[in-house]
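*Asks:* From the sequence below, what's the structure:
(2 chains)
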Amino acid sequence: MPWDEGLVNSLVYDAPDPNEGRVLGYAQAVNEALSLALDHDPAVFVTGQGVDDPTAMFGVTKGLQEKFNAGRVFDSPLSEEGMMGICTGAAMHGMRPVFMHNRPDFILLAFNQLVTHAAKMHYMDNGQTTVPLVVWAAIGRGWGSGAQHSQSIQGLLLTVPGLKIVMPSTPYDAKGLMLSAIADNNPVLVFEHRWLMKKEGVVPEGMYRVPFGKGVYRRRGKDLTIVGASHALELSLQAANKLAAEGIDAEVIDLRTLKPLDEEIIAASLQKTGRLLVVDTGWAMGGVCAEIGCLAAEKWFEHLKGPVRRIGLPDIPHPAGYTLEQFFYPDVARISQTIREMCGK
Amino acid sequence: MIRYPYQGTSFDDWQHKLSSYAPEFLLKLFRDMLRIRIIEEEVERRYFQDHMKTPIHLVIGQEATSVGACAAMTRADLLYASHRTHGNYLAKGGDLKAMLCEFHCRINGCTGSRGGSMHLMDKSVGMAGSSAIVAGVVPIATGAALAAQMHGESYVTTVFLGDAATEEGAVSEALNFAALKQLPIVYFCENNFYSVQSPLVTRQPKRELYKWAAGYGMASELVDGTNVLAVYETMQTAVARAKRGEGPTFIESPVYRFRAHGGAGDDSKTGYRDIAEREAWEKVCPLETYFTFLKSAGLIDETVRNTMAGEIMAETMEAFDYALASPKPTEADLYTHVYAD
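*Replies:* Predicted coordinates:
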């Protein structure tokens, strides 16, 4: 059993209503997406360190090698930059690689190929080639993951033209966005969150795609707008639901993809509420929170009734120890307190 | 001091091999090298006019590797280049006008003025890409070879890299993977002994690169980069090995660049290398040694050479005129192809 399995098992999420459809876990939903994509298109292959080992990327790649053979689902040497380039080259010549990492931290070894090559090839060669590449990783948190196994790097990548960034928060989206990512003709980063892997939800069988650049309301409200994605959005939704009892009516928007970004849904909500809280699993400085906050100042200033607030990580590396972690990470209580302050309660 | 002497044997003892080649083929190799030399010299001559607003990395002195290697490839085979692209692009059948338009930042350049001299690319002739990051395309070329293997296609990928690229981790990673999967690829390493102005001796322990590469578990060869026929034959063997499904080959080919790392002219006088070293290598200029070899066999003379040079010069001038008269991009051109549909 992986070292943090017990921690992830202990997390409690709202149970889905089985009357609404088939209930599936988050990791199983991604697994189903990969299986469908491999079945649907012979150009798809899956690689990464340990994709065929018994723990199977938290279960995400379980059974795929047995089903589709070791030619299409294969373990990778510990060569992050080399393999990122190899997947890029394969993508430029007709393949649709899915390159998987247990942690986003490992993608930092491959920035030359990801940022300087994969993201720019289509532009640099004036459209002669495309790079239909999916790069997947699961963000870590807790159990001593620390500074080198917990990084949430979407903020670093947001600034790179040519990339797309996907951060699902539900099993339904995890499957539908993965299928969209594999069908997309650009390099797409899919960041899941380790703490969402056991979350359950209603997931239809078969193929469906969740479009990029389309946010969704997770909760309707009139007092303030909370926007974000992935686990940060999940925590915010929990906070918003609790605060309803205190008479605070928050609107919660799941962006689902950070790049492209659904500006329309944020603008429409802000027009109604006048207050904006941006949440992210990464650092607040210079990242997703900063970008969306700046957009609000630049484009929607006239709607704002008060300052935009950010809840991301402090400008500090991730500590490994349990006690320090409690100070470092935002939780439902801290998000709730920020919401109260914003609403003057 | 000559730090890196020429250690080959040029065309000594090659006379007996001539009968196995068609004279047209032998002359074409010479013409292709002469063409690259003349075009490069004209690019160099005009560089200070500032119409070509692009960094250039002249291939003068290294023509035999591009021409010899490409002669062993079909159009469907892929070629990847480093930043020193001109010889690779022309030898692979790239369009001279499109290359010069790219140098002149025109919309009809081979990459629409997005790439410039360091990023020549033309999918239609198998010129698959190039990178300004040393070793940048080595993993990408390896991925192209993986795609060929997975699709069951017969094309072979060749990637040119310099001696300094072998110091990059990405090359080790790519060689390991290519050997592991027995990919149909040739790593063609032009060892010109200098990375910009840094000599090999300050960058690597004393060793032979082709022996180092053999340690990855692949076939590895050393071939004289001034001898176009030797390059051709070594490449032929490597390409055939790849096509048979017997995996990758690493080829080390010692060459010498007669010019600076970048820009026009030679910069040896700055002192990082001895001018006598360049002069010693100029005595085994790939163009002149091959000319002498063909001439001694009665296959060419100065008149034929001058006729060739005249034709090439006319083609070159016409291509420069074409580039200078070509349209520049508009602002709207900036925004296309950021994302693929």
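*Asks:* Dump stretch B:64-80 to PDB, restricted to CA.
*Replies:* Only the C-alpha atoms of stretch B:64-80 are listed here, as PDB (Å, rounded to 0.1, in the frame of the first residue of the first chain):
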ATOM      1  CA  ALA B  64      30.800  16.400 -46.700                       C
ATOM      2  CA  THR B  65      28.800  15.300 -43.700                       C
ATOM      3  CA  SER B  66      25.500  16.800 -44.800                       C
ATOM      4  CA  VAL B  67      25.900  15.700 -48.400                       C
ATOM      5  CA  GLY B  68      27.300  12.200 -47.700                       C
ATOM      6  CA  ALA B  69      24.600  11.500 -45.100                       C
ATOM      7  CA  CYS B  70      21.700  12.800 -47.200                       C
ATOM      8  CA  ALA B  71      22.900  10.800 -50.200                       C
ATOM      9  CA  ALA B  72      22.200   7.700 -48.200                       C
ATOM     10  CA  MET B  73      18.600   8.800 -47.300                       C
ATOM     11  CA  THR B  74      15.400   8.900 -49.300                       C
ATOM     12  CA  ARG B  75      13.000  11.900 -49.300                       C
ATOM     13  CA  ALA B  76      10.800  10.000 -46.900                       C
ATOM     14  CA  ASP B  77      13.600   9.500 -44.400                       C
ATOM     15  CA  LEU B  78      13.700  12.200 -41.700                       C
ATOM     16  CA  LEU B  79      16.600  14.600 -40.900                       C
ATOM     17  CA  TYR B  80      16.800  16.600 -37.800                       C
END
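*Asks:* Spell out which parts of the stretch 151-300 of chain A neighbour chain B.
*Replies:* Within the stretch 151-300 of chain A, the positions near chain B by Cβ under 8 Å from any Cβ of the partner chain are A:161-162, A:164, A:185-186. Yep, even glycine has a C-beta here, placed from its N, CA and C like the rest.
*Asks:* out of those, who's nearest A:Ile139?
*Replies:* A:Lys164 (17.2 Å; Cβ to Cβ).
*Asks:* For that closest one, name its beta-bridge partners.
*Replies:* Taking DSSP bridges as the rule, A:Lys164 bridges to A:Val188.
*Asks:* which ones are touching it?
*Replies:* A:181, A:184, A:186-189, A:212, A:257, A:259-260, B:339 (Cβ atoms under 8 Å, 6 or more residues apart in numbering or on different chains).
*Asks:* For PyMOL, write the selection for the buried entries among the residues of the stretch 151-300 of chain A next to chain B.
*Replies:* Applying 16 or more other Cβ atoms under 10 Å in any protein chain shown to those, the buried members can be selected in PyMOL as follows:
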select buried, chain A and resi 162+164+186
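*Asks:* hmm, which two among the residues of the stretch 151-300 of chain A next to chain B are most spread apart?
*Replies:* A:Pro161 and A:Asn185 (15.3 Å).
*Asks:* Would it be right to say that A:Gly344 lies in a strand?
*Replies:* No - counting by DSSP: H, G, I helix; E, B strand; the rest coil, A:Gly344 falls outside a strand, being coil.
*Asks:* Could you report the neighbour count for it?
*Replies:* 9 (other Cβ atoms under 10 Å in any protein chain shown).
*Asks:* B:Glu221 too?
*Replies:* Neighbours of B:Glu221 (other Cβ under 10 Å): 17.
*Asks:* And the strands in chain B?
*Replies:* Here chain B has its strands, by DSSP state E, at B:78-81, B:127-130, B:157-162, B:185-191, B:194-195, B:198-199, B:219-222, B:249-254.
*Asks:* Is there any residue in the longest one that contacts chain A?
*Replies:* No - between strand B:185-191 and chain A, judged by Cβ under 8 Å from any Cβ, nothing touches; the nearest distance is 10.0 Å.
*Asks:* what are the pairing partners of that strand, and which direction each?
*Replies:* strand B:157-162 (parallel), strand B:249-254 (parallel).
*Asks:* got TSV for those strands, with mean pLDDT, distance to A:Ala174 and mean neighbour count too?
*Replies:* As requested, those are exported to TSV (pLDDT from 0 to 100; distance: least, Cβ to Cβ, whole Å; neighbours: other Cβ atoms under 10 Å in any protein chain shown):
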stretch	mean pLDDT	distance to A:Ala174	mean neighbour count
strand B:157-162	98	35	28
strand B:249-254	98	42	26
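*Asks:* Need the contact partners of stretch B:48-56.
*Replies:* B:43-44, B:46-47, B:86, B:102-105, B:116-118, B:262-264, B:324.
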